[in-house]
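**Q** Sequence below, structure please.
(one chain, ligands or ions: 1)
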Amino acid sequence: MIVGIVGFQGDVQEHINSLKAAGKSRGIQVRQIRRPDDMNGISGIVIPGGESTTIYKLLNTYRIYDLIKMECKSGMPVMGTCAGLILISKDTGDPRVNGMGILNATVTRNAYGRQKESFMGEITVNSIGKMVVPFIRAPKIVNADEDSIIGKYGDEPVMLRKGNVLGLTFHPELTDDLRIHGMFLEMVEGEGYISTGE
Ligand code: GLN
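**A** Model (predicted):
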């Protein structure tokens, strides 16, 4: 199976490394997505962290924003991390970034403060347990369906899952912990979706 990663900006290579490591025994291939044709034949997609306003612009410039939105609404598994979560959410609270509305969530960008307010936090994730992960100019999830919350930092929701959609405010790809990428690849295998890229 081929998993796509939106490859314009942000921590693309780190996700590729984690997906390859977590997918080694599963025969998973990873492909960067930068053009509509790249969407052909993928079974899942990751939208990385980075700068959501920039990724948003580039997704539109290269005409893949609507394609991703459509395929994910049709059931293709998607994992959005940080800026990626902002992009898949329904309400980003920022007119410069139009959320795809794949995930029924409201987020606030840069809600912990500036870059220097970035931190490592211990989170608890359903069916995984505790993990220590970096939050980098992270958004906060201010509203989400209660049953979609699968990860918390203290009382705050930081990870959501609804069907084929996974969204996180933090960066598992910057750790050696492959459990969240493993969880996503299980979703990809379970769904067996193949994008036609149309
Ligand atoms: N603050 C960034 C944004 O709003 C997200 C930060 C990140 O992805 N690490 O786009």
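**Q** so who does residue 131 touch?
**A** The contact partners of residue 131, taken as Cβ atoms under 8 Å, 6 or more residues apart in numbering, are 122-123, 125, 172, 175, 177, 179-180. Every residue, glycine included, has its C-beta placed from N, CA and C.
**Q** I'd guess it is in a helix, am I close?
**A** No - Residue 131 is assigned strand when assessed by DSSP: H, G, I helix; E, B strand; the rest coil, not a helix.
**Q** Please read off the pLDDT at it from the model.
**A** Residue 131 carries a pLDDT score of 97 in this model.
**Q** Could you do residue 198 as well?
**A** On the pLDDT scale, residue 198 gets 72.
**Q** Can you classify residue 16 by secondary structure?
**A** Applying three-state DSSP: residue 16 is helix.
**Q** burial of the closest residue to it other than its chain neighbours, as a residue count?
**A** Closest residue to residue 16 apart from its sequence neighbours, by Cβ to Cβ, 6 or more residues apart in numbering: residue 30 at 5.1 Å. By other Cβ atoms under 10 Å, the residues close to residue 30 number 19.
**Q** Correct me if wrong: residue 30 contacts residue 7.
**A** No - using Cβ atoms under 8 Å, residue 30 makes no contact with residue 7, being 10.0 Å away.
**Q** Close to the ligand: what parts of this structure are there?
**A** Residues of the chain lying close to the ligand (Cβ under 6 Å from any ligand atom) are 49-52, 82-83, 86, 109-110, 136-137.
**Q** Recalculate using a threshold of 8 Å.
**A** 10-11, 48-55, 81-84, 86, 94, 97, 109-110, 136-139, 171 (Cβ under 8 Å from any ligand atom).
**Q** Report the buried members of those.
**A** Buried residues within the residues of the chain next to the ligand, counting neighbours by 16 or more other Cβ atoms under 10 Å: 10-11, 48-52, 55, 81-84, 86, 94, 97, 109, 136-139, 171.
**Q** any chance you could map the strands in this structure?
**A** Counting by DSSP state E, one finds strands in the chain at the ranges 2-6, 29-33, 44-47, 78-81, 89-91, 103-108, 119-125, 129-135, 140-144, 149-153, 156-162, 165-168.
**Q** could these go into a markdown table alongside distance to residue 195?
**A** Below are the strands of the chain laid out as a markdown table (distance: least, Cβ to Cβ, whole Å):
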| stretch | distance to residue 195 |
| --- | --- |
| strand 2-6 | 8 |
| strand 29-33 | 10 |
| strand 44-47 | 8 |
| strand 78-81 | 11 |
| strand 89-91 | 21 |
| strand 103-108 | 18 |
| strand 119-125 | 27 |
| strand 129-135 | 29 |
| strand 140-144 | 26 |
| strand 149-153 | 25 |
| strand 156-162 | 19 |
| strand 165-168 | 15 |
